[in-house]
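>>> sequence first, then the predicted structure, then my questions.
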Amino acid sequence: MSRPGAGPGGRRPAAPHPERDLGRLLAGLRPLRNPGAYVFTTVDGPAPAGLDPVVTVAEAEGRTLVVRREEADAAGLAYDYVAAWITLRVHSALDAVGLTAAVARELAAAGLSCNVVAGFHHDHLFVEHDGADEALGLLRALADRSGGGTDHDRDR
């Protein structure tokens, strides 16, 4: 049985025309802060029941999960980095060159850490929770300098 919206073979069709041009990528960042606080934790084996990770990475040392802080607390999982999750709403191509470096450079210049995860459609940044508003401002300014204008959909 096919999923709704799926193409032949049950697969969703690829989204049209991901962007590769660095100038257009930066101008179109449109950063959006997702609600909540997120933490990086690690487990042996699959994610425990009741967790809904937004990122999962299999590493030799264990499975890294990025989950809402409340979920980690309820499951008794240890963590030491609390992050805000920012989605760059530009549709970036997975083979685009320079976006991650430009964003990381902008945030690093302000002393903000940034953990980047590439999704199929967008890039996602996990920045220090207490520095999230500053990070959003810096990303919006970067977009403005790159020709993105002032319409940033000022969502938080």
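Looks like it came in fine.

>>> quick one: mean pLDDT over the longest strand seen in the chain.
Secondary structure of the chain per DSSP state E: the longest strand is strand 31-43. Here strand 31-43 scores 98 as its mean pLDDT.

>>> so what's the most centrally placed residue in the chain up against?
Central residue of the chain (Cα atoms, centre = their mean): residue 124, 1.2 Å from the mean position. The neighbours of residue 124, taking Cβ atoms under 8 Å, 6 or more residues apart in numbering as the test, are 54, 55, 85, 86, 87, 88, 116, 117, 118. In this view, the C-beta of every residue, glycine as well, is placed from N, C-alpha and C.

>>> in strands only, show me these.
Those of these lying in strands (DSSP E): 55, 85, 86, 87, 88, 116, 117, 118.

>>> the fifth one is in contact with residue 125, isn't it?
Which is residue 88. Yes. When contacts are counted by Cβ atoms under 8 Å, residue 88 is listed as touching residue 125 (6.9 Å).

>>> overlap of the contact sets of these two?
Common neighbours of residue 88 and residue 125 (Cβ under 8 Å, 6+ apart) are 31, 103.

>>> let's verify residue 72: helix, strand, or coil?
Under DSSP: H, G, I helix; E, B strand; the rest coil, residue 72 falls in the helix class.

>>> thought it was touching residue 82?
No. Judged on Cβ under 8 Å, residue 72 makes no contact with residue 82 at a distance of 9.7 Å.

>>> residues shared between the contacts of those two?
Common neighbours of residue 72 and residue 82 (Cβ under 8 Å, 6+ apart) are residue 39.

>>> same drill for the two, tell me which one is more crowded.
When residue 72 and residue 82 are compared for neighbours, residue 72 comes out ahead with 22 against 15, by other Cβ atoms under 10 Å.

>>> ok, now which ones touch the closest residue to the more buried one other than its chain neighbours?
The shortest distance from residue 72 to any non-neighbouring residue, by Cβ to Cβ, 6 or more residues apart in numbering, is to residue 39 (4.9 Å). Residues in contact with residue 39 (Cβ under 8 Å, 6+ apart) are 66, 67, 68, 69, 72, 77, 79, 81, 82, 83.
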